[in-house]
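Peer 1: coordinates for the following, if possible.
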Amino acid sequence: MLFCVAIALLAGPAAAQADADTGSSGTNWFDHFVVAGGWITYVLLGISVVAIALIVEHAVTIRRATVVAPQVAKDIRELIDRREYVAAVRRSADDPSMLGYVINAGLMEAANGYGAMERAVEESIEERSSRLFRKIEFLSVIGNVSPMIGLFGTVYGMIRLFSSIREAGAIPEPGRIAGDLSIALVTTFWGLVIAIVSLSGLGWFRNRVDVLTAECALTADRLLRVFRPGGAGHGAAPRAGVADADGGGGAEPQRSPAAAGRTEST
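Peer 2: Predicted coordinates:
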């Protein structure tokens, strides 16, 4: 790398002279930072578009409103407080958020006891958080592959440079030296830029998933605490909730909260 920098410093005056000879006025940044890198730069720019699209998508989907869904938590809390457990099951099943999925998994295991509800909540949280981590892992792939592509461009540019020296039998024309060095340096530049952005985004989203997952688990525990043996609201409340929610009928969703009513009767 130091060798590349040294050559770049030596070739700087030559490149400037080449620009002056061609009548260049001012700096054409697109030519210097895109065109000069050759086809490898366009590959890296395509990857950068994918990275930006992923970051934007993750920023929209991995946030508190879509993972923890405070409004859903509020609705389910109100339904549980009113002992409308069937409606709570339906409300959680209709919501696509992590919290809705977790609460629904817990409620559907209520007939098997509070321990089964806890296990269902833990398993569903692990499943959804793993899905989110796999989703953001593409940024890790981009962040690790981009510098390698940039390094490939560096090696490619240096090979071209030494081939030019060999063909010329001496020092080639300054313009050719500058062109080959541009391929080496511009591709490295873009590879590093993409890696920095992608890995920074990956770190931020990993932390975000951890925070939201912990908040979701805590919220689910608070909402389902009413079914805990000896807990507040445990006992006659679930039986009354079944009657209120579905007119005392025998619909399948009633199986979950009915377990609490059977506990009270014993």
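Peer 1: P172: which element?
Peer 2: In this structure, P172 sits in neither a helix nor a strand according to DSSP states H and E.
Peer 1: neighbours of it, how many?
Peer 2: As a burial measure, P172 scores 18 neighbours (other Cβ atoms under 10 Å). C-betas here are computed from N, CA, C, even on glycine.
Peer 1: who's in contact with the nearest residue to it once chain neighbours are set aside?
Peer 2: Of all residues not flanking P172 in the chain, S164 sits nearest, at 4.4 Å (Cβ to Cβ, 6 or more residues apart in numbering). Contact analysis of S164 by Cβ atoms under 8 Å, 6 or more residues apart in numbering lists P172, R176, I177, D180.
Peer 1: among those, which lie within helices?
Peer 2: R176, I177, D180 (DSSP state H).
Peer 1: looking at those residues, which is nearest N144?
Peer 2: Set against N144, the nearest of the ones in helices among the contacts of S164 by Cβ to Cβ is D180 (26.7 Å).
Peer 1: wait, what's in contact with that closest one?
Peer 2: So D180 contacts G157, M158, R160, L161, S164 (Cβ under 8 Å, 6+ apart).
Peer 1: how close does the residue nearest to it when sequence neighbours are not counted sit to S182?
Peer 2: Leaving aside its chain neighbours, D180 sits nearest to L161 (3.9 Å; criterion: Cβ to Cβ, 6+ apart). Using Cβ to Cβ, to the nearest Å, L161 is found at 10 Å from S182.
Peer 1: where do the helices sit along the stretch 1-150 of the chain?
Peer 2: 2-21, 29-33, 39-61, 64-67, 70-81, 85-94, 98-107, 114-168 (DSSP state H, counting those that start in this stretch).
Peer 1: tell me the most buried of those helices?
Peer 2: helix 98-107 (a mean of 25; mean count of other Cβ atoms under 10 Å).
Peer 1: what is the rounded mean pLDDT of that helix?
Peer 2: For helix 98-107, mean pLDDT rounds to 93.
Peer 1: equivalent analysis for stretch 223-230, please.
Peer 2: pLDDT averaged over stretch 223-230 gives 84.
Peer 1: phi, psi for the most far-flung residue of the chain relative to its centre please.
Peer 2: Distance to the chain centre peaks in the chain at G169, reaching 52.5 Å (criterion: Cα atoms, centre = their mean). In terms of degrees, to the nearest 10, the main-chain angles of G169 are phi 70, psi 0.
Peer 1: pLDDT score for it?
Peer 2: Looking at G169, the pLDDT reads 72.
Peer 1: residue contacts, it?
Peer 2: By Cβ under 8 Å, 6+ apart, G169 lies in contact with nothing.
Peer 1: run a quick neighbour tally on the nearest residue to G153 once chain neighbours are set aside.
Peer 2: Excluding the flanking residues, the one nearest G153 by Cβ to Cβ, 6+ apart is T187, at 2.4 Å. As a burial measure, T187 scores 27 neighbours (other Cβ under 10 Å).
Peer 1: helix or strand for T187, which one?
Peer 2: Assigned by DSSP H and E, T187 falls within helix 174-224.
Peer 1: show me where pLDDT drops low in the stretch 1-150 of the chain?
Peer 2: Scanning the stretch 1-150 of the chain for pLDDT under 70 picks out 1-27.
Peer 1: apply 80 and report the result again.
Peer 2: The model of the stretch 1-150 of the chain has pLDDT under 80 over residues 1-27, 31-33, 37.
Peer 1: before we move on, back to that, TSV for the contacts of S164, including distance to V193 and pLDDT?
Peer 2: Listed next are those as TSV, based on distance: Cβ to Cβ, whole Å; pLDDT from 0 to 100:
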residue	distance to V193	pLDDT
P172	29	70
R176	26	78
I177	24	79
D180	21	80
